Structure formats: structure tokens, C-alpha cells
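**Q** Build me a model from this:
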Amino acid sequence: MKTILLGALAVSVAVTAVSQIAFAADKASHKRAPVFTKAPPPAPPPSWAGFYIGVDAGGVWGREDIVHSPVFAVPGSAFQIDSNAVTIASSPSFRPSSFTGGGHAGYNYQSGPTVLGVEADFSYLGLRSSTSGVFPFPSTLPGGPLGPPTLTFTSSTSVQNDWLFTFRPRLGMASQNFLLYATGGLAVTNEQVSQTTGVLNSASFVSTISTTRAGWVAGFGGEYMISPSWSLRAEYLHLDFGTATGAGVENLPAGVGGNATCVPSTVVVVGPTALQGCSISAHLTADLVRVGISHKLDWAPAAVVTKY
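**A** Predicted coordinates for the structure are as follows:
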């Protein structure tokens, strides 16, 4: 009897073990096979293409050279060394500097890393300067042809440029978020020069320039894209506006003779009159450094979604 019980127990254990193994095998057969997917494609590089607007600010350093037409002494009534002194005193040079700031707008086209664009900007320029002084007539200095007492004359000159406009193509190379570019084109500014040189007996040479000047601009810069719609920039520009000219006159009060004139003469003209023939010229260049921020405009039409 004992042997029969042990045999039945062994059979029961064996049946239970086989059942568990079969259940485990069946469960494993119903597990989902692993699915392998491709990695997502890399994000496209940042695009510089499109329209943009922005603001900028910085500093500008100018150089303006003034040249007055030669003044000639009437032979026998004045000394040429005195006329030369008037010409030199009326031909000063300036080194004005100023804050500059304004806005810009442009468009970029991109093909691979190459970026082609065009940009226009308008800025406050603020280049202003003036000078004045009292100068001796060399003939009246000790050792001069006449000698003391020393006689003097005065000269004052002011220059002013208020605004700047440029229109420039740009050529650049992009590398991810960075863009380096060269640029050059048209530059336009206003020009105002005023000068008065007072000589003896209230006679004076008066010259002015008031005009809009067109010149050229060239430079380079860099931009960094901080988001798909915003970028920071830094830029250097060299400006050259060439030479502008303006007319001048010699004003002679009543009873005063003009013994020095802008046109060679052998006759002393007595006032009151305004003698023509004088002129003044101004050559203006400047270097500009500025930083700014630009916002790219997305004017593409919205995508059309069709519902089914």
C-alpha cells in the first residue's frame, strides 16, 4: 500500500511539472517579436533665407579736410605771405566722432553655405565739429616786411553731417548658426560747411556748402542666429563721400578796398561790394562700427489642411 501511494504522488508531481513547462512555453510563444525602427533624420541646418528687419547702434569716426581756394594779394597793396596765411587758416581739418544708431532691412537668398543678399539702412550720424582762432599777418610780425605792431585776422569753420543711408549687396558664407559676409555699395549723407574769415577793416571771406552727398561704402560683418527668427550681428563699414564744393564771396564794406582777392587782380576794388570767385571744398571719410539685432520675417502662406 505504501508503495502504491508513493507511486501516485510521483506521477502527480510529474504531471504538474509538465503542465507548468507547457504553460510557460505557450506564454513565450505569444510574446511580440521585437520591432526595429530607423533613427529619425537629422534636423535641417539653420536657414538664413528670407526677409528681415532690425536695429543697430555703435560709433562713427570721421575725417573731413577743408580746402579754401587760394587768396591772391594785389601787387603793390598787400603782401602775398599774408594772403597765404589767410588761405591756410581757412583750410582746417577735422576729426569728428559720434554715436550712431538706426534701422536696417534686407533679404537673403541661400544656396548651400553661400548666402547672397541686399540690405538698406538709415541711421543718425551726428558728425559735428568746429574750430576758430586768431592769426597774425606774417608781414607784421617781428622780422616781417612791415614789422610790429602785429595785426591779426580771424577764421571760424564748422562742419555737420546728420544722417546716413546705405544700400549694399552682401555676400556671405554660413556655417550652422554663424554667417560671415562682405558688403559694399552706395552711401548717402547730408553735408553742411560754414566758414567766415574776417580780415582788416571788417572785410571778410564767407563760404558755405549745403548739399546731399553720394559716395561708396565697403566693409564686413558677422551674424549669429540665436533662434530661427532672431540673430545678433556686428559690422564694420568704411565710408568715402568724395569731395564736395561750395561757392564763396569776399564782402567789402563801404570805403574798404579789397587788396587780396580770390581771383588774381592788379586793381583794388573798393566796397561796398561782394567779390565772386572764392570757393571751398570738403573731403569726407568715416569709419563705422556697430552691433545690432535682426528679426527674420516669415511671410510664407500658411499650409492648407484638408479634412476627410
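
**Q** gap between stretch 71-82 and the chain center?
**A** Its chain's C-alpha centre and that of stretch 71-82 lie 46 Å apart, by C-alpha atoms, centre = their mean, to the nearest Å.

**Q** And stretch 67-83, how far out from the chain middle?
**A** Worked out by C-alpha atoms, centre = their mean, stretch 67-83 lies 42 Å from the chain centre.

**Q** Show me what counts as buried in that stretch.
**A** 67-69, 71-74, 78-80, 82-83 (16 or more other C-beta atoms under 10 Å). Every C-beta, even on glycine, is put in place using the N, C-alpha and C of the backbone.

**Q** Next: stretch 285-301.
**A** 286, 288, 290, 292, 294, 296.

**Q** From these, which shows the smallest pLDDT?
**A** The lowest pLDDT within the buried residues of stretch 285-301 belongs to residue 296, with 95.

**Q** Bridged to the nearest residue to it once chain neighbours are set aside, which residues?
**A** The shortest distance from residue 296 to any non-neighbouring residue, by C-beta to C-beta, 6 or more residues apart in numbering, is to residue 52 (4.7 Å). Here residue 52 sits in beta bridges with residue 106, residue 296, going by DSSP bridges.

**Q** which helices and strands does the helix or strand hosting residue 102 pack with?
**A** Following DSSP states H and E, one finds residue 102 within strand 97-111. Strand 97-111 sits against strand 50-68, strand 114-136, strand 152-175, strand 273-297, with contacts defined as 3 or more C-beta pairs under 8 Å, 6 or more residues apart in numbering; DSSP states H and E.

**Q** Which two of the buried residues of stretch 285-301 have the greatest separation?
**A** Across the buried residues of stretch 285-301, the longest distance by C-beta to C-beta is 29.3 Å; it joins 286 and 296.

**Q** residues in contact with the residue lying closest to residue 98 once chain neighbours are set aside?
**A** Using C-beta to C-beta, 6+ apart and skipping the chain neighbours, the partner closest in space to residue 98 is residue 126 (3.6 Å). Counting by C-beta atoms under 8 Å, 6 or more residues apart in numbering, residue 126 touches 60, 98-100, 161-162.

**Q** Buried ones from the residues you listed, can you make that a ChimeraX selection?
**A** A single ChimeraX command selects the buried members of the contacts of residue 126 (16+ other C-beta under 10 Å):
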select :60,98,100,161
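
**Q** Make a markdown table out of the contacts of residue 126 and add pLDDT and distance to residue 256.
**A** Output for those, formatted as a markdown table (pLDDT from 0 to 100; distance: C-beta to C-beta, whole Å):
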| residue | pLDDT | distance to residue 256 |
| --- | --- | --- |
| 60 | 98 | 43 |
| 98 | 97 | 40 |
| 99 | 97 | 45 |
| 100 | 97 | 45 |
| 161 | 96 | 35 |
| 162 | 96 | 37 |
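
**Q** and of the contacts of residue 126, the nearest to residue 224?
**A** Nearest to residue 224 among the contacts of residue 126, counting by C-beta to C-beta, is residue 100 at 21.5 Å.

**Q** From residue 159, how far out is the residue nearest to residue 98?
**A** 12 Å (C-beta to C-beta, to the nearest Å).

**Q** now swap in residue 292 and tell me
**A** For residue 292 relative to residue 159 (C-beta to C-beta), the value is 27 Å.

**Q** What is the burial count for residue 93?
**A** 12 (other C-beta atoms under 10 Å).

**Q** Run through who's touching stretch 242-252.
**A** So stretch 242-252 is contacted by 68-69, 191, 193, 195, 203-211, 213, 215, 258, 261-262, 269-284 (C-beta under 8 Å, 6+ apart).

**Q** ok, now with 6 Å
**A** 191, 203-209, 211, 213, 215, 258, 271, 273-275, 278-283 (C-beta atoms under 6 Å, 6 or more residues apart in numbering).

**Q** Quick one: the helices and strands packed on strand 97-111 as TSV, columns for distance to residue 91 too.
**A** Compiled in TSV, these are given as follows (distance: least, C-beta to C-beta, whole Å):
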stretch	distance to residue 91
strand 50-68	5
strand 114-136	11
strand 152-175	9
strand 273-297	9
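
**Q** So for residue 254, which of those sits nearest?
**A** strand 273-297 (9.2 Å).

**Q** what angle do that closest one and strand 152-175 make?
**A** If you take axes from the mean of the first three to the mean of the last three C-alpha atoms, to 10 degrees, strand 273-297 sits at 20 degrees to strand 152-175.

**Q** and strand 273-297 with strand 114-136, angle?
**A** Going by the same axes, to 10 degrees, strand 273-297 makes 150 degrees with strand 114-136.

**Q** for strand 273-297, packing partners?
**A** The elements that strand 273-297 packs onto, with contact taken as 3 or more C-beta pairs under 6 Å, 6 or more residues apart in numbering; DSSP states H and E, are strand 50-68, strand 204-227, strand 230-252.
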